[in-house]
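> Need a 3D model of the sequence below.
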Amino acid sequence: MDKFSAMQAFVRVVEAGTFTKAADSMGVPKPSVTRLIQDLEKELDTKLLNRTTRKVTVTVDGAAYYEQASRLLGEVQELESSMSRAKASPRGKLKVDIPSSLGMSIIIPALPEFYARYPDIQLELGVSDRPIDIIAENVDCVIRGGEITDQSLVARRIGEFYMMTCASPAYLKRHGTPQHPAELEESHKMIRYASPRDGKLYSFTMYSDTGSVEIHGKHQLSVNDSNAGVAAALAALGVLHTATFLVQHHISSGALEPLFSGWCTEAKPIFVVYPPNRHLSNKVRVFVDWIAELFSKHDLIQRKSSLPEAMCKGWAAPAVPGTAVVETAVASQVLEAA
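All right, here's what the predicted structure looks like:
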């Protein structure tokens, strides 16, 4: 048995849904595909497909085999492509997971430019703040904000962003405008961000030339998605501490007002992370390079001058430990958006 051909036939049958369509896509007679699948099941001593006169369904063992076989065939295809003209024009499926905040605000609006460069790449984009098991979910790479300290994956630092505190004019009219960050602990309501993994509420520290204040903040509402936090702030539900790139256009329009002139938080790094000990395919490499280029040109990433003019003037944020490393090993397979 040609096991490689049998594996290809099995994957085609699963994806096409019938032996006839699979045979047509492979350019071979239907009996040849049937024989390959039968030989494969005999070799594995496992039933991979349930067959009826109308449809073909995958067994539990077949689903597991399909996941691994399609991945292996994809890697073989990528290896062949890297040795051919496809290296200059990468092609194929690319599975990427990105935080909803960066995705909705920056990455997705720029994708037409990416496809203009790489029309043969098919992106499968996961957009959420949930933790990702990059290996178990067979994701090619993920983009995450915030510090990464573990040691089993590979991370490349591709940018950084700043945070700001703001509220809607309607909220400030009802509750007054806080003049010092410490007031958030006393007489104001915050919209808190909760970890999508364990529900932990995040605190933050604000700095000025007079010192620092750690903020937890009273709250009636917590969210586990950054875009939801912005929507809550626009609805006058509280004071929000979030990334500048998420709210700058609302600041410019007057829908939100910045708070605490002269106070800042430290910059947060942005990383692209991918599995270790795996050939970095050309399609992954061009995507990573494109993302790094996109962020380097974005007004609200990389450049502190993008903050409201009155904020942080003449003040340097504390360095974030470890962010000078361009590429480093990091260890958890579960990475969380910040």
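> Touching stretch 225-236 from outside, list them.
99-101, 104, 128-129, 166-168, 170-171, 174, 191, 193, 196, 221, 223, 238-240, 242-243, 246-247, 250, 255-256, 337 (CB atoms under 8 Å, 6 or more residues apart in numbering). (Glycine included, C-beta is placed from N, CA and C.)
> no wait, stretch 169-177
Residues contacting stretch 169-177 (CB under 8 Å, 6+ apart): 167, 187-189, 233, 236-239, 254-255, 257, 259.
> Columns pLDDT on top of these, output as JSON lines?
Listed next are these as JSON lines, based on pLDDT from 0 to 100:
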{"residue": "A167", "pLDDT": "96"}
{"residue": "S187", "pLDDT": "84"}
{"residue": "H188", "pLDDT": "91"}
{"residue": "K189", "pLDDT": "92"}
{"residue": "A233", "pLDDT": "96"}
{"residue": "A236", "pLDDT": "95"}
{"residue": "L237", "pLDDT": "95"}
{"residue": "G238", "pLDDT": "94"}
{"residue": "V239", "pLDDT": "95"}
{"residue": "G254", "pLDDT": "94"}
{"residue": "A255", "pLDDT": "96"}
{"residue": "E257", "pLDDT": "95"}
{"residue": "L259", "pLDDT": "93"}
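> want to throw the residues you listed into a markdown table with secondary structure?
Below are those laid out as a markdown table (DSSP: H, G, I helix; E, B strand; the rest coil):
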| residue | secondary structure |
| --- | --- |
| A167 | strand |
| S187 | coil |
| H188 | coil |
| K189 | coil |
| A233 | helix |
| A236 | coil |
| L237 | coil |
| G238 | coil |
| V239 | strand |
| G254 | coil |
| A255 | coil |
| E257 | strand |
| L259 | coil |
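> picking up where we left off before, give me the subset of the contacts of stretch 225-236 lying in strands.
Applying DSSP state E to these, the entries found in strands are 166-167, 191, 193, 221, 223, 239-240, 242-243.
> Now, of those, which are buried?
166-167, 191, 193, 223, 239-240, 242-243 (16 or more other CB atoms under 10 Å).
> From the residues you listed, pick the one nearest E266.
Of all these, E266 sits closest to A243, with 12.9 Å by CB to CB.
> What ranges in this protein fall below the confidence cut-off?
Along the chain, segments meeting pLDDT under 70 span 1, 53, 80-88, 148-151, 277-279, 302-338.
> Just give me the residue right at the centre of it.
Centroid check for the chain by CA atoms, centre = their mean gives I98 as the closest residue, at 1.4 Å.
> dump the residue contacts of K189.
175, 217-221, 237-239.
> what's near enough to touch the closest residue to it other than its chain neighbours?
Nearest in space to K189, with sequence neighbours left out and distances taken as CB to CB, 6 or more residues apart in numbering, is G238 at 4.2 Å. Neighbouring residues of G238 by CB under 8 Å, 6+ apart: 167, 171, 188-191, 219-221, 232.
> give me that answer again for 6 Å
189-191 (CB atoms under 6 Å, 6 or more residues apart in numbering).
> ditto for H241
Each residue near H241 by CB under 6 Å, 6+ apart is listed here: 163, 165, 204.
> Likewise for A16?
Contacts of A16 (CB under 6 Å, 6+ apart): A22.
> Go through the strand or helix carrying I108 and flag the buried ones.
For I108, the element it lies in under DSSP states H and E is helix 108-117. Neighbour-count burial for helix 108-117, with 16+ other CB under 10 Å as criterion, is recorded at F114.
> what about the closest residue to S281 other than its chain neighbours, how many neighbours?
Counting by CB to CB, 6+ apart, S281 lies nearest to E78, which is 4.5 Å off, once chain neighbours are set aside. Using other CB atoms under 10 Å, E78 has 19 neighbouring residues.
> For the lengthiest helix in the chain, what is the distance to the chain centroid?
Secondary structure of the chain read by DSSP state H shows that its longest helix is helix 60-82. With CA atoms, centre = their mean, to the nearest Å as the basis, helix 60-82 stands 23 Å off its chain's centre.
> who does it touch, helix- and strand-wise?
helix 3-16 (3 or more CB pairs under 6 Å, 6 or more residues apart in numbering; DSSP states H and E).
> which parts of the helix it packs on are buried?
Buried residues in helix 3-16 (16+ other CB under 10 Å): 5-14, 16.
> Mind putting the residues you listed into JSON lines with distance to R157?
JSON lines is the format used below for the buried residues of helix 3-16 (distance: CB to CB, whole Å):
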{"residue": "S5", "distance to R157": "43"}
{"residue": "A6", "distance to R157": "43"}
{"residue": "M7", "distance to R157": "38"}
{"residue": "Q8", "distance to R157": "39"}
{"residue": "A9", "distance to R157": "43"}
{"residue": "F10", "distance to R157": "41"}
{"residue": "V11", "distance to R157": "36"}
{"residue": "R12", "distance to R157": "40"}
{"residue": "V13", "distance to R157": "43"}
{"residue": "V14", "distance to R157": "39"}
{"residue": "A16", "distance to R157": "42"}
